[in-house]
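Trainee: Sharing a model prediction with you, sequence too.
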Amino acid sequence: MANVDHNRMANAIRGLSMDAVEKAKSGHPGLPMGAADMATVLFTQFLKFDAADPKWPDRDRFILSAGHGSMLLYAVLYLTGNVDMTLDQLKHFRQLGSLTPGHPENFHTKGIETTTGPLGQGIATAVGFAVAEKMLAAEFGKKAVDHHTYVLCSDGDLMEGVSQEAIALAGHWKLNKMIVLYDDNGISIDGPTSISDSVDQVKRFKSAGWAAERIDGHDQNAIAAAITRAQKSNKPTLIACKTTIGFGAPTKAGTNKAHGEALGAEELKGAKEKLGISLEPFSVPDDVLKAWREAGSRGVPARKEWEARMATLSNRKRAEFDRRLRHERPASLAKAIKAHKKMLLETPQNIATRKSSESLIDAIALAMPMEFLAGSADLTGSNNNKAKSATGFSAKTPKGRFVHYGIREHGMAAAMNGIFLHGGFAPNGATFLTFTDYARPAMRLAALMGTGVVYVMTHDSIGLGEDGPTHQPVEHLAALRAIPNMRVFRPCDAVEVTECWELALNRIDGPTVLALSRQNLPQLRTSTPQDNPCSHGGYELVAAQGEAKVSLFASGSEVEIAVAAQKQLAERGIATRVVSVPALELLLAQPADKQKAIIGNAPVKIAIEAAVRWGWDAVIGHDGEFIGMHGFGASAPAKDLYKHFGITAEAAVNAALKRLG
């Protein structure tokens, strides 16, 4: 590798990136061309990885936060010898079915740690990776866990608001193994960044508790020296690397014309001639490719040394480490949940579902004390997701298993993705349901990537009362249910809370929202079948006496209203059933026969939910009756609000009577 000039190795990235974007007639060549020197130094001299084993647990993590520059990552994966990333894949950049989509997708392509593209998500998710490393190292020791998290970010990443949340957390927690290489090229799609931004990023990062410096991003020695300093720092580090976007392009280098479009045949030819790259598309000189492949196997000795160290651990400790990284839940969890259900049947709890969740969390934390990782965006006392046994995570207490994220919902959700993707933990984070608006981009990525994270979202309706319409979620349940692969549970009582938590914790292929009430609710369930009824999305809670004329469907706090309406209708001799629907989208995903059996054949179908109607027509039909919200809420005590907006048992009864004639 020492016999091959650095520039020729960096030019291999540039050439492949230019060619792939040109062939696709789509993409972003400028970043790979400008950041190639950084990537070359990092991957050939510092990054601890083995291209033949991209999932090696103690590898360094590399996160391309500037996901639009994906060809840089794909080129490096090919050059270093990733078995799946063939030259043919590069030739099919951005084409259907290829392993080289427009932005990196970790669920699609091996060697990619996290999905990036929405700017700011990579650097924010990286904080979670670094947190997980710090926590696991404190628990299992540096024999097992001792690696860095490297990020390559762009101007756009640092303009996004979530980046501030992320760097504040990383600095506060002294995540010194997080090293950010900032591609400081001063160009965005609209032109020079100076037209919209004048932030001194070095000063900004320093003010957040980071080490930060500026270097020439095309000087390999300066890059290597800066990374060496960063590795010795007791703080996270920003290395602002001054680069030229589209480096080597004769007329487009240093301009926005190199940012988000193919260079064009003439510009590409001129760039290759200027850089000394073969004009033949997708060609890499044999000695350069050999040097890159050597870089890809440079980490083999480190991996083997790690394996030897792991072999010295006790069988119990090694088995625990492996289980945790597989996201396999311990047997103690099922036992704890079973015992909690038994307790609820013996001693019913008529409390808010956020409080019944808190009671269960105490039991869960005892069953899986080191992997159950909770946190809140500064609403711990309201969200009630901190176990009595949990201590706070901090720079000085890395074994703490409750994370105080501050008022940073977006940063929290992104960090949770990184924590899960790193492995070793079952993360959950909490805030008010209405503030999922702040966390939505990271929640959407969680659904896309299939991260098994849990969102504990309390104060789930107008039932929160006096805080008023700014805090009362109305459209949020519908909006969250609309996200593919997002599971939304709204349990009606303590038993359903337990069943929904059980399903959430055992789901490792997608995120789950638990929408919980502020107000007290009666415990309606009197049995806990072996087959968790919440797993079907809905189930018959109260059967009709005779053939049902009316079916009442409800979720969460409105199930109590449906039960009261059923009693009133029954007293009038109208056979009525109640179906609890803790997860509407899960009910609609059931096989047709199962779904039909749950929904039933009653001629009158009424849905009751203190939210907008969207989604319920699939259950009650377009002509079904809906008792719920049709606009925003108001500031008043919860009972007054339910009466004011007509979400009552009497309203349901009247709707049924009207339909029955």
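Mentor: Everything's here; your move.
Trainee: Count the residues that sit near residue 542.
Mentor: Using other Cβ atoms under 10 Å, residue 542 has 18 other residues around it. Glycine gets a C-beta too; all of them are placed from N, C-alpha and C.
Trainee: which ones are touching it?
Mentor: Residue 542 sits next to 563, 566, 577-578 when contact means Cβ atoms under 8 Å, 6 or more residues apart in numbering.
Trainee: Angles on the backbone of it, please.
Mentor: Backbone torsions of residue 542, given as degrees, to the nearest 10, read phi -130, psi 120.
Trainee: And for residue 352?
Mentor: The phi/psi pair for residue 352 (degrees, to the nearest 10) is phi -60, psi 150.
Trainee: coming back round to it: can you list which of the contacts of residue 542 are found in helices?
Mentor: Among the contacts of residue 542, the members found in helices (DSSP state H) are 563, 566.
Trainee: What is the most widely separated pair among the contacts of residue 542?
Mentor: Across the contacts of residue 542, the longest distance by Cβ to Cβ is 10.7 Å; it joins 563 and 577.
Trainee: who has more neighbours, these two?
Mentor: Per other Cβ under 10 Å, whichever of residue 563 and residue 577 has more neighbours is residue 577, with 23 against 19.
Trainee: didn't the more buried one look like it was pressed against residue 552?
Mentor: Yes - assessed by Cβ atoms under 8 Å, residue 577 is found in contact with residue 552 at 7.1 Å.
Trainee: Overlap in contacts, the two.
Mentor: residue 566.
Trainee: Quick one: end-to-end distance for stretch 387-403.
Mentor: This stretch, stretch 387-403, spans 12 Å end to end (Cα to Cα, to the nearest Å).
Trainee: how about that stretch: buried residues?
Mentor: 387, 390, 393, 398, 400-403 (16 or more other Cβ atoms under 10 Å).
Trainee: and those residues as JSON lines, adding secondary structure and distance to residue 54?
Mentor: Output for these, formatted as JSON lines (DSSP: H, G, I helix; E, B strand; the rest coil; distance: Cβ to Cβ, whole Å):
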{"residue": "387", "secondary structure": "coil", "distance to residue 54": "35"}
{"residue": "390", "secondary structure": "coil", "distance to residue 54": "34"}
{"residue": "393", "secondary structure": "coil", "distance to residue 54": "28"}
{"residue": "398", "secondary structure": "coil", "distance to residue 54": "26"}
{"residue": "400", "secondary structure": "coil", "distance to residue 54": "31"}
{"residue": "401", "secondary structure": "coil", "distance to residue 54": "29"}
{"residue": "402", "secondary structure": "strand", "distance to residue 54": "32"}
{"residue": "403", "secondary structure": "strand", "distance to residue 54": "28"}
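Trainee: so which pair among these is furthest apart in space?
Mentor: Farthest-apart pair in the buried residues of stretch 387-403 is 387 and 398; separation 17.6 Å (Cβ to Cβ).
Trainee: all helices of the stretch 201-350 of the chain, in order?
Mentor: Assigned by DSSP state H, counting those that start in this stretch, the helices in the stretch 201-350 of the chain fall at 201-207, 220-232, 265-275, 286-297, 300-311, 315-325, 331-346.
Trainee: for the third one, packing partners?
Mentor: On a contact count with 3 or more Cβ pairs under 8 Å, 6 or more residues apart in numbering; DSSP states H and E, helix 265-275 meets helix 6-24.
Trainee: The helix it packs on - contacts with which helices or strands?
Mentor: Helices and strands touching helix 6-24, by 3+ Cβ pairs under 8 Å, 6+ apart, are helix 30-41, helix 70-80, helix 87-91, helix 265-275, helix 286-297.
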